[in-house]
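In: structure here, sequence nowhere to be found:
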């Protein structure tokens, strides 16, 4: 007899509470990048020396490349199977801002493969069991790149068509096709583009990491914290986010034939817990390129100045399936932002001559939210294209500057024990 959905969810969560990924410990061999000629002067570009350490360990069967205390500038680095990376306390691995050190190649970005775009600072493909650990920092040195982006965009005659990919820039870490990955303790700072891009990975743990841009930079473009692209079984635990784009974005692909894209399997079984979201466009976004996103739980987190807690973008050119996404036991502490933002998103779209596709949102649950925030938000489909239902608001006690939840052409939410501004609330 099949289990009811609630029992299945409890079973899934109990399984996720144990270390089911059982990541292997790194090989005992360690090699400092100082031993292959790296110089910690904040100016020398050490790409060759650091890659030499990676290649040497790969040739010896594996081990851990160690970045000691100091500031080491580098271009694109490519990890290899069984080679791990450790950044010691005080270690800074900093991006060069000369894009010649990030030569263009075929890379996954924004829901497709771009034939000529920059790789990341740290790149790994097919590196099962990879660990990137330590108390050090991956530093994108992004400010001059951000300034260049805004200069070029503001000079563009068609700002709305100015693409993110029109400015060469590097992500801090790009990990693809890898299983059993652990990223722990690292600070991701001032990334030129996305901070951590996971693509087609499974069994990933990101814990006690920080994702930061400076408070004095209003909008560092595309500085997402973590982009979970076509991945399964990802745990984000005890992390801190203070960025100016999405803190965590679930991604896939885009376009009217998105469901047929074999390179973009569903993003599913995502767990986010014990995190602090200090700043960002949204806590969790079904991103600009998202197709199938399901079985997501965000719980026991503190939420401050984010634009939205649950931001589900609805593309008019993409058949999207968003289902079973839950936010539980969140403490809110801000006078702005929306709790829910489900609305059309059409900054970029192309129907390719096809009829508008059908999408749905099912099973969005907000349970156990308390504190203060801006507005309840909005639930609105792409007219005639999106079915929205199964929204549950439960055990909520919040102070809001705007207590309205605008629901347009969508199923009425289920409301259970919701108090807003000290009074029982109904939608």
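Out: Done, it's in. Bear in mind that the values here come from a model prediction, so they are computed numbers and not experimental data.

In: so how many other residues sit close to the nearest residue to residue 350 once chain neighbours are set aside?
Out: Taking CB to CB, 6 or more residues apart in numbering as the measure, residue 350 lies nearest to residue 317, with 5.8 Å between them; neighbours along the chain are not counted. Any C-beta I mention is one placed from the backbone N, CA and C, and that applies to glycine too. Each residue near residue 317 was counted by other CB atoms under 10 Å, and the total is 19.

In: just to check, residue 317 is in contact with residue 359?
Out: No. Between residue 317 and residue 359 no contact is recorded; they are 10.3 Å apart, counting by CB atoms under 8 Å.

In: just the strands from the stretch 301-427 of the chain, written as ranges.
Out: 308-314, 321-333, 338-344, 359-379, 386-389, 392-407, 414-420, 423-424 (DSSP state E, counting those that start in this stretch).

In: partners of the fifth one, with directions?
Out: Right, strand 386-389. For strand 386-389, sheet partners with direction are given as strand 359-379 (parallel), following DSSP bridges.

In: relative to strand 321-333, how tilted is the strand it pairs with?
Out: Strand 359-379 and strand 321-333 are oriented at 30 degrees to each other (axes from the mean of the first three to the mean of the last three CA atoms, to 10 degrees).

In: returning to what we had before: out of the strands of the stretch 301-427 of the chain, which one sits most buried?
Out: The densest packing among the strands of the stretch 301-427 of the chain, expressed as mean neighbour count by mean count of other CB atoms under 10 Å, is seen in strand 308-314 with a mean of 24.

In: and it, what does it pack against?
Out: When contacts are defined as 3 or more CB pairs under 8 Å, 6 or more residues apart in numbering; DSSP states H and E, strand 308-314 sits against strand 284-286, strand 321-333, strand 338-344, strand 359-379.

In: what's the third one in contact with?
Out: So that's strand 338-344. 282, 307-316, 332, 361, 364, 366, 369, 373-382, 388, 391, 398, 405, 410 (CB atoms under 8 Å, 6 or more residues apart in numbering).

In: am I right that residue 149 sits in a helix?
Out: Yes. Residue 149: assigned to a helix according to DSSP: H, G, I helix; E, B strand; the rest coil.

In: distance of it from residue 287?
Out: Using CB to CB, to the nearest Å, we find residue 149 at a distance of 19 Å from residue 287.

In: neighbour count winner among the two?
Out: Taking neighbours as other CB under 10 Å, residue 149 and residue 287 compare with residue 287 leading, 28 against 23.
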